[in-house]
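1. with the sequence up front, the predicted model follows.
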Amino acid sequence: MKEVVIATKNSGKAKEFERMLRPRGFEVKTLLDFDDIEDVEETGKTFEENAILKAEAISKLFGKIVIADDSGLVVDALDGRPGIYSARYAGEAKNDEANIDKVLEELVGVNEEARTARFCCALAVAVPSHETKTVFGTCEGVILQERRGQYGFGYDPIFYVTEKRKTMAELTPEEKNQISHRSLALRKLEEVLPDLLG
Ligand SMILES: O=c1nc[nH]c2c1ncn2[C@H]1C[C@H](O)[C@@H](COP(=O)(O)OP(=O)(O)OP(=O)(O)O)O1
Ligand SMILES: [Mg+2]
(Lines give C-alpha, C1' and ligand atoms only; values in the text may rest on other atoms or scores of the structure.)
(Ligands and ions follow the chains in the order given, each with its own letter.)
Protein backbone atom coordinates (compact mmCIF):
# COMPACT_ATOMS: atom_id res chain seq x y z
CA MET A 1 0.00 0.00 0.00
CA LYS A 2 1.30 3.47 -0.87
CA GLU A 3 1.82 5.77 2.10
CA VAL A 4 0.85 9.43 2.20
CA VAL A 5 1.80 11.80 5.04
CA ILE A 6 -0.65 14.55 5.99
CA ALA A 7 0.93 17.28 8.14
CA THR A 8 -1.95 17.67 10.59
CA LYS A 9 -2.57 17.09 14.28
CA ASN A 10 -6.33 17.53 13.85
CA SER A 11 -8.05 14.17 14.32
CA GLY A 12 -11.19 15.32 12.50
CA LYS A 13 -9.17 16.14 9.39
CA ALA A 14 -7.16 12.92 9.78
CA LYS A 15 -10.33 10.78 9.73
CA GLU A 16 -11.63 12.56 6.63
CA PHE A 17 -8.36 12.08 4.75
CA GLU A 18 -8.30 8.40 5.72
CA ARG A 19 -11.83 7.89 4.48
CA MET A 20 -11.08 9.67 1.21
CA LEU A 21 -7.65 8.21 0.49
CA ARG A 22 -7.88 4.61 1.72
CA PRO A 23 -10.28 3.58 -1.08
CA ARG A 24 -7.71 5.00 -3.49
CA GLY A 25 -5.12 2.56 -2.12
CA PHE A 26 -3.27 4.82 0.33
CA GLU A 27 -2.23 4.29 3.89
CA VAL A 28 -2.65 7.69 5.57
CA LYS A 29 -0.12 8.81 8.17
CA THR A 30 -0.60 12.02 10.14
CA LEU A 31 1.43 13.82 12.80
CA LEU A 32 -0.76 12.06 15.38
CA ASP A 33 1.16 8.86 14.49
CA PHE A 34 4.48 10.36 15.62
CA ASP A 35 5.65 11.59 19.03
CA ASP A 36 6.96 15.04 19.82
CA ILE A 37 6.56 16.81 16.50
CA GLU A 38 6.50 20.51 17.24
CA ASP A 39 3.65 22.65 15.95
CA VAL A 40 4.55 24.56 12.81
CA GLU A 41 3.79 28.23 13.40
CA GLU A 42 0.98 29.44 11.16
CA THR A 43 2.34 32.91 10.44
CA GLY A 44 0.98 33.25 6.90
CA LYS A 45 -1.67 35.75 5.82
CA THR A 46 -3.69 33.28 3.76
CA PHE A 47 -4.83 29.65 3.95
CA GLU A 48 -2.43 28.87 1.09
CA GLU A 49 0.57 30.43 2.84
CA ASN A 50 -0.12 28.50 6.03
CA ALA A 51 -0.61 25.22 4.16
CA ILE A 52 2.75 25.76 2.42
CA LEU A 53 4.48 26.51 5.75
CA LYS A 54 3.15 23.28 7.28
CA ALA A 55 3.81 21.07 4.23
CA GLU A 56 7.36 22.33 3.66
CA ALA A 57 8.41 22.16 7.33
CA ILE A 58 7.22 18.56 7.73
CA SER A 59 8.52 17.50 4.31
CA LYS A 60 11.94 18.83 5.28
CA LEU A 61 11.77 17.01 8.61
CA PHE A 62 10.80 13.65 7.08
CA GLY A 63 12.55 13.98 3.71
CA LYS A 64 9.32 12.84 2.11
CA ILE A 65 6.38 14.08 0.08
CA VAL A 66 3.93 15.72 2.51
CA ILE A 67 0.44 17.18 2.11
CA ALA A 68 -0.79 19.89 4.51
CA ASP A 69 -4.30 21.29 4.97
CA ASP A 70 -5.02 24.79 6.20
CA SER A 71 -8.72 25.44 6.46
CA GLY A 72 -11.37 27.45 8.23
CA LEU A 73 -14.70 29.20 8.30
CA VAL A 74 -15.24 32.53 6.54
CA VAL A 75 -18.37 34.41 7.68
CA ASP A 76 -19.50 37.32 5.48
CA ALA A 77 -21.21 39.30 8.27
CA LEU A 78 -17.99 39.10 10.31
CA ASP A 79 -15.81 40.52 7.52
CA GLY A 80 -14.43 37.05 6.85
CA ARG A 81 -13.65 36.08 10.44
CA PRO A 82 -12.68 33.66 11.91
CA GLY A 83 -10.89 32.84 8.60
CA ILE A 84 -7.27 31.76 9.02
CA TYR A 85 -7.71 32.19 12.78
CA SER A 86 -10.53 29.60 12.95
CA ALA A 87 -8.70 27.04 15.12
CA ARG A 88 -7.78 29.52 17.85
CA TYR A 89 -10.70 31.94 17.52
CA ALA A 90 -11.73 31.75 21.19
CA GLY A 91 -8.17 31.32 22.52
CA GLU A 92 -4.89 29.45 22.19
CA ALA A 93 -6.36 26.22 23.59
CA LYS A 94 -8.12 25.38 20.26
CA ASN A 95 -11.55 24.55 21.65
CA ASP A 96 -14.21 23.76 19.02
CA GLU A 97 -17.13 24.40 21.41
CA ALA A 98 -15.77 27.76 22.57
CA ASN A 99 -15.06 28.73 18.96
CA ILE A 100 -18.66 27.96 17.96
CA ASP A 101 -20.00 29.93 20.95
CA LYS A 102 -17.91 32.96 19.94
CA VAL A 103 -19.18 32.92 16.34
CA LEU A 104 -22.81 32.53 17.51
CA GLU A 105 -22.43 35.41 19.95
CA GLU A 106 -20.97 37.68 17.28
CA LEU A 107 -23.89 36.86 14.99
CA VAL A 108 -26.67 37.59 17.52
CA GLY A 109 -29.17 39.91 15.80
CA VAL A 110 -27.90 39.12 12.29
CA ASN A 111 -30.79 37.81 10.19
CA GLU A 112 -30.77 34.60 8.18
CA GLU A 113 -30.11 36.15 4.76
CA ALA A 114 -27.01 37.87 6.13
CA ARG A 115 -25.56 34.73 7.77
CA THR A 116 -23.86 33.39 4.65
CA ALA A 117 -20.48 31.73 5.07
CA ARG A 118 -18.10 29.26 3.48
CA PHE A 119 -15.62 26.66 4.54
CA CYS A 120 -12.26 27.05 2.81
CA CYS A 121 -9.47 24.51 2.43
CA ALA A 122 -6.01 25.04 0.99
CA LEU A 123 -3.94 21.92 0.41
CA ALA A 124 -0.21 22.20 -0.20
CA VAL A 125 1.99 19.35 -1.46
CA ALA A 126 5.68 19.65 -0.70
CA VAL A 127 7.97 17.38 -2.67
CA PRO A 128 11.68 17.41 -1.68
CA SER A 129 13.66 19.57 -4.14
CA HIS A 130 10.54 20.62 -6.05
CA GLU A 131 8.31 23.65 -5.98
CA THR A 132 5.35 23.28 -3.61
CA LYS A 133 1.92 23.15 -5.25
CA THR A 134 -1.35 24.38 -3.74
CA VAL A 135 -5.02 23.89 -4.53
CA PHE A 136 -8.12 25.45 -2.96
CA GLY A 137 -11.65 24.26 -2.29
CA THR A 138 -14.72 25.95 -0.80
CA CYS A 139 -18.17 24.92 0.37
CA GLU A 140 -21.01 27.47 0.72
CA GLY A 141 -23.45 27.55 3.63
CA VAL A 142 -25.35 29.55 6.24
CA ILE A 143 -24.61 29.86 9.97
CA LEU A 144 -27.53 28.65 12.10
CA GLN A 145 -28.45 30.09 15.49
CA GLU A 146 -27.82 26.83 17.32
CA ARG A 147 -25.99 23.53 16.91
CA ARG A 148 -27.48 20.60 15.01
CA GLY A 149 -25.97 17.12 14.45
CA GLN A 150 -23.33 14.86 15.91
CA TYR A 151 -20.95 14.03 13.07
CA GLY A 152 -17.87 15.88 11.90
CA PHE A 153 -15.72 18.33 13.87
CA GLY A 154 -14.97 22.00 14.32
CA TYR A 155 -17.73 24.34 13.16
CA ASP A 156 -19.76 21.58 11.44
CA PRO A 157 -22.78 21.73 13.86
CA ILE A 158 -23.61 25.36 12.99
CA PHE A 159 -22.84 25.20 9.24
CA TYR A 160 -26.04 24.59 7.26
CA VAL A 161 -25.64 23.30 3.71
CA THR A 162 -28.71 24.65 1.92
CA GLU A 163 -28.72 22.13 -0.95
CA LYS A 164 -28.62 19.21 1.52
CA ARG A 165 -31.06 20.82 4.00
CA LYS A 166 -28.76 19.65 6.77
CA THR A 167 -25.83 20.92 8.79
CA MET A 168 -22.40 19.48 8.07
CA ALA A 169 -22.71 17.65 11.40
CA GLU A 170 -25.99 16.00 10.28
CA LEU A 171 -24.38 14.64 7.12
CA THR A 172 -22.75 11.22 7.40
CA PRO A 173 -18.97 11.20 6.85
CA GLU A 174 -19.57 9.84 3.34
CA GLU A 175 -22.05 12.62 2.54
CA LYS A 176 -19.72 15.30 3.88
CA ASN A 177 -16.89 13.93 1.77
CA GLN A 178 -18.99 14.29 -1.38
CA ILE A 179 -19.43 18.05 -0.98
CA SER A 180 -16.80 19.39 1.41
CA HIS A 181 -14.17 22.06 0.75
CA ARG A 182 -11.57 19.42 1.67
CA SER A 183 -12.80 16.80 -0.80
CA LEU A 184 -13.05 19.41 -3.56
CA ALA A 185 -9.47 20.51 -2.95
CA LEU A 186 -8.32 16.88 -2.94
CA ARG A 187 -9.98 16.27 -6.29
CA LYS A 188 -8.17 19.31 -7.69
CA LEU A 189 -4.94 17.91 -6.32
CA GLU A 190 -5.50 14.70 -8.27
CA GLU A 191 -5.78 16.79 -11.43
CA VAL A 192 -2.64 18.80 -10.72
CA LEU A 193 -0.57 15.85 -9.52
CA PRO A 194 -2.02 12.71 -11.11
CA ASP A 195 1.24 10.82 -10.48
CA LEU A 196 0.94 11.44 -6.74
CA LEU A 197 -2.68 10.47 -6.15
CA GLY A 198 -3.85 8.96 -9.40
O1 LIG B 1 -14.51 20.52 7.62
C2 LIG B 1 -14.54 21.29 8.60
N3 LIG B 1 -15.60 21.30 9.44
C4 LIG B 1 -15.63 22.08 10.52
N5 LIG B 1 -14.65 22.91 10.89
C6 LIG B 1 -13.57 22.92 10.07
C7 LIG B 1 -13.47 22.15 8.91
N8 LIG B 1 -12.30 22.38 8.32
C9 LIG B 1 -11.68 23.27 9.07
N10 LIG B 1 -12.45 23.60 10.14
C11 LIG B 1 -12.09 24.48 11.25
C12 LIG B 1 -11.53 23.67 12.39
C13 LIG B 1 -10.44 24.52 12.94
O14 LIG B 1 -11.03 25.45 13.85
C15 LIG B 1 -9.96 25.29 11.71
C16 LIG B 1 -8.79 24.63 11.03
O17 LIG B 1 -7.57 25.21 11.46
P18 LIG B 1 -6.18 24.62 10.92
O19 LIG B 1 -5.07 25.41 11.41
O20 LIG B 1 -6.31 24.39 9.45
O21 LIG B 1 -6.14 23.15 11.57
P22 LIG B 1 -5.75 22.69 13.03
O23 LIG B 1 -4.95 23.75 13.74
O24 LIG B 1 -6.96 22.20 13.72
O25 LIG B 1 -4.83 21.44 12.74
P26 LIG B 1 -3.46 21.42 11.84
O27 LIG B 1 -3.02 22.85 11.64
O28 LIG B 1 -2.51 20.60 12.62
O29 LIG B 1 -3.84 20.76 10.54
O30 LIG B 1 -11.06 25.34 10.82
MG1 LIG C 1 -3.46 24.76 12.72
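-> All right, it came through fine. Ligands and ions are numbered 1, 2, ... in the order given.
2. contacting residues for the residue nearest to the spatial centre of the chain?
-> Most central residue of the chain, judged by C-alpha distance to the mean C-alpha position with CA atoms, centre = their mean, is S71 at 3.8 Å. Applying CB atoms under 8 Å, 6 or more residues apart in numbering to S71 gives the contacts K13, F47, S86, F119, C120, C121, A122, H181, R182. No exception for glycine: its C-beta is placed from N, CA and C like everyone else's.
3. what does this structure put close to ligand 1?
-> Residues of the chain found near ligand 1 (CB under 6 Å from any ligand atom) are 8-10, 13, 42, 69-73, 86-87, 99, 119, 152-156, 168, 180, 182.
4. what about D39, neighbour count?
-> Using other CB atoms under 10 Å, D39 is surrounded by 9 other residues.
5. nearest residue to it in space, please, no chain neighbours.
-> K9 (7.3 Å; CB to CB, 6 or more residues apart in numbering).
6. the helix or strand hosting V5 packs against which elements?
-> Assigned by DSSP states H and E, V5 belongs to strand 2-6. Using 3 or more CB pairs under 8 Å, 6 or more residues apart in numbering; DSSP states H and E as the contact criterion, the secondary-structure elements in contact with strand 2-6 are helix 11-21, strand 26-30, strand 66-75.
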